[in-house]
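Participant: got a predicted structure here, sequence first:
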Amino acid sequence: MKVLVIDDEQLILLPIKKRLTAIGYEVETETNGLKGVKLFDSFDPDLVIVDINMPQISGLDIVKYIKEDKKSSVPVMVLSGSVDDNVIMKGFDLGIDDYMKKPLSLNEICARTKRLIGIPKNNLPNEVNDNNNEKVIIQKRSVGVVIPCYNEEDRLLESQFLSFIDENPGYYLCFVNDGSSDNTLEVLRKLSVGREEFVKVYDCEKNGGKAEAVRQGMLYLSQNKKLDYIGFLDADLSTDFQDLDDLVSTIETSNFKIVSGSRIQRMGADISKDSARALISFMINYLIRKILSMNFKDTQCGAKVFHRDVVAFLFEHKFITRWLFDVELFMRMRKRFTLEKAKMMICEQPLKRWVHVDGSKLSIRDSGKIIFQLGQIAWGYSRFGTFQKIMNTYEFKTDKEKNKLHDGKQSKLTTIS
């Protein structure tokens with residue numbers, strides 16, 4: 001049995017093809033609607049799954065071609081993020097056989113496919129077939145995640161990254177090799193093999209530090225116009241993927257432009273910190289709150305998600321400091337939008353889990369350097385500092401973009417518990 005899937009998003013096509021192929025269907029995919037029509041004629045599918053909103057020709061045009069022009073009885077399942085009743089009713093008037101609204105469940109797509117055309121004769125064993133215990137959702141939004149890597153050859157949790165990307169369509173990973181002196185680059189390249197559409201490796205030939213690695217990765221991902229949100233995550237996965245997904249859920253259901261993870265120790269959360277580090281972090285965080293004039297509990301957590309609207313101006317210019325670029329990000333928001341408006345656009349969200357991983361690059365002895373760098377930030381972003389002049393001259397592409405960024409409805413820097 002043959003299935004043709006037409007959608008302009010590879011992040012949707014790939015998991016659908018993988019799951020239906022595992023069940024035993026022969027699957028062809030196409031991102032271009034016009035080519036999809038030609039493929040329908042040559043492939044002769046038993047089922048067509050098509051997205052409504054596509055460039056050049058819409059999914060409804062494809063349905064019309066199949067049902068009216070070709071007068072085919074091949075069943076058609078429509079996928080759409082549209083909630084417009086007129087669009088949905090028009091689809092049924094044209095003769096569609098099923099409709100699913102995004103975000104999509106792979107299990108549900110498989111169940112509906114079986115209902116429409118039956119189970120393939122070469123149906124595979126149950127452990128490969130349905131995988132019903134694994135609920136995979138194809139999200140409507142697309143998220144890019146930067147993972148800075150420096151000498152991570154022996155620490156990189158490859159299997160966890162691969163499992164996450166396979167089970168969470170809609171995510172796009174960018175590993176940034178920060179001039180590693182070991183075989184990290186080779187490990188990363190092997191990691192992306194077979195997943196090149198949504199796992200990229202960005203190589204910085206020279207080590208520039210985490211701040212520069214993250215900056216380069218964020219700017220690289222911002223070139224992908226299909227990404228709605230872009231964030232970064234530590235390579236050691238001290239913050240896990242579930243917390244990252246929670247940060248994304250918060251930003252997509254609010255007017256926040258930044259949602260930052262916070263390693264607050266609280267009941268119900270598994271937050272493990274080295275005691276000496278915890279004391280030093282407390283002292284440094286006190287100084288950071290004074291400099292920012294924002295009541296942050298934790299600015300340095302390595303998990304943050306940004307609306308793509310703010311990525312360009314936040315990451316366009318190099319950071320003053322090597323380790324405290326997180327503080328600079330919030331300072332840039334404050335300088336660009338004023339303190340009160342910045343508070344409305346930033347959310348600090350406690351994590352459910354965070355574990356200190358041995359081998360972290362920052363040592364306790366570096367605390368003196370951190371205090372010095374805080375002084376650099378205080379001066380560099382003061383009214384006499386060079387960066388204030390840069391932010392004053394930053395130009396938005398359009399007035400609409402500027403107004404959009406200022407349209408925050410929250411009244412203060414928010415901590416979601």
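Facilitator: The structure has been received and is ready for your questions.
Participant: what helix or strand does residue 231 sit in?
Facilitator: Under the criterion DSSP states H and E, the helix or strand holding residue 231 is strand 229-233.
Participant: only alpha carbons, please: show that strand as PDB.
Facilitator: Output for strand 229-233, consisting of C-alpha atoms alone and laid out as PDB, is shown next (Å, rounded to 0.1, in the frame of the first residue of the first chain):
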ATOM      1  CA  TYR A 229      11.500  30.600  18.400                       C
ATOM      2  CA  ILE A 230      15.300  30.100  18.900                       C
ATOM      3  CA  GLY A 231      17.000  29.100  22.100                       C
ATOM      4  CA  PHE A 232      20.100  27.600  23.500                       C
ATOM      5  CA  LEU A 233      20.900  24.600  25.800                       C
END
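Participant: just the buried positions in the helix or strand just after that strand, please.
Facilitator: Once the chain leaves strand 229-233, the next helix or strand it forms, by DSSP H and E, is helix 241-252. Within helix 241-252, the residues scored as buried using 16 or more other Cβ atoms under 10 Å are 241, 243-248, 250-252. The way it works is simple: take the backbone N, C-alpha and C, and place the C-beta from them, glycine included.
Participant: nearest to residue 110 among those?
Facilitator: Relative to residue 110, the closest of these is residue 245; by Cβ to Cβ it sits at 22.4 Å.
Participant: residues in contact with that closest one?
Facilitator: If a contact means Cβ atoms under 8 Å, 6 or more residues apart in numbering, then residue 245 has residue 168 as its contacts.
Participant: roughly how far apart are it and residue 237?
Facilitator: Between residue 245 and residue 237 the computed distance is 13 Å (Cβ to Cβ, to the nearest Å).
Participant: ditto for residue 384
Facilitator: Separation of residue 384 from residue 237 (Cβ to Cβ): 41 Å.
Participant: all strands of the stretch 101-250 of the chain, in order?
Facilitator: Taking DSSP state E, counting those that start in this stretch, the strands of the stretch 101-250 of the chain run over residues 104-105, 137-138, 143-149, 171-178, 199-204, 229-233.
Participant: what angle separates the fourth one from strand 143-149?
Facilitator: Right, strand 171-178. What separates the directions of strand 171-178 and strand 143-149 is an angle of 20 degrees, with axes from the mean of the first three to the mean of the last three Cα atoms, to 10 degrees.
Participant: partner strands of strand 171-178 and their direction?
Facilitator: With DSSP bridges as the criterion, the sheet partners recorded for strand 171-178 are strand 143-149 (parallel), strand 199-204 (parallel).
Participant: among the ones you listed, which is the most enclosed?
Facilitator: Relative to the other members of the strands paired with strand 171-178, strand 143-149 carries the highest mean neighbour count by mean count of other Cβ atoms under 10 Å, namely a mean of 26.
Participant: for residue 200, what are its contacts?
Facilitator: If a contact means Cβ under 8 Å, 6+ apart, then residue 200 has 172-175, 192, 220 as its contacts.
Participant: if we can go back for a sec, let me have the strands of the stretch 101-250 of the chain in JSON lines, extended by distance to residue 8.
Facilitator: Conversion of the strands of the stretch 101-250 of the chain to JSON lines gives the following (distance: least, Cβ to Cβ, whole Å):
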{"stretch": "strand 104-105", "distance to residue 8": "15"}
{"stretch": "strand 137-138", "distance to residue 8": "14"}
{"stretch": "strand 143-149", "distance to residue 8": "18"}
{"stretch": "strand 171-178", "distance to residue 8": "15"}
{"stretch": "strand 199-204", "distance to residue 8": "19"}
{"stretch": "strand 229-233", "distance to residue 8": "19"}
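Participant: need the least confident one among these, by mean pLDDT.
Facilitator: Comparing mean pLDDT over these, the weakest stretch is strand 137-138, at a mean of 63.
Participant: now do the SS call for the residue located most distally from the centre of the chain.
Facilitator: Note on the chain: the largest C-alpha distance from the chain mean falls to residue 71, namely 41.3 Å (Cα atoms, centre = their mean). Taking DSSP: H, G, I helix; E, B strand; the rest coil as the rule, one finds residue 71 in the coil state.
Participant: ok, now residue 37?
Facilitator: Reducing the assignment to helix, strand or coil with three-state DSSP, the entry for residue 37 is helix.
Participant: near it, how many other residues are there?
Facilitator: If you count neighbours by other Cβ atoms under 10 Å, residue 37 ends up with 18.
Participant: list the contacts for it?
Facilitator: Taking Cβ under 8 Å, 6+ apart as the contact definition, residue 37 lies against 57, 62, 65.
Participant: and residue 55, by the same measure?
Facilitator: 8, 33.
Participant: distance of it from residue 32?
Facilitator: 8 Å.
Participant: so for the two, which residues contact both of them?
Facilitator: Listed contacts common to residue 55 and residue 32 are residue 8; contacts here mean Cβ under 8 Å, 6+ apart.
Participant: need the pLDDT of residue 246.
Facilitator: pLDDT, residue 246: 93.
Participant: which residue packs closest to it, ignoring adjacent ones?
Facilitator: Of all residues beyond its chain neighbours, the one nearest residue 246 is residue 349 (7.0 Å), with distances taken as Cβ to Cβ, 6 or more residues apart in numbering.
Participant: residue 108 now?
Facilitator: Nearest one to residue 108, counting by Cβ to Cβ, 6+ apart, is residue 100 at 6.9 Å.
Participant: that neighbour - that's part of a strand, no?
Facilitator: Yes: assignment of residue 100 by three-state DSSP places it within a strand.
Participant: count of neighbours near it?
Facilitator: Look at residue 100: counted by other Cβ under 10 Å, it has 16 neighbours.
Participant: spatially central residue in the protein, please.
Facilitator: Averaging the C-alpha coordinates of the chain gives a centre point, and the residue nearest to it by Cα atoms, centre = their mean is residue 143 (2.2 Å).
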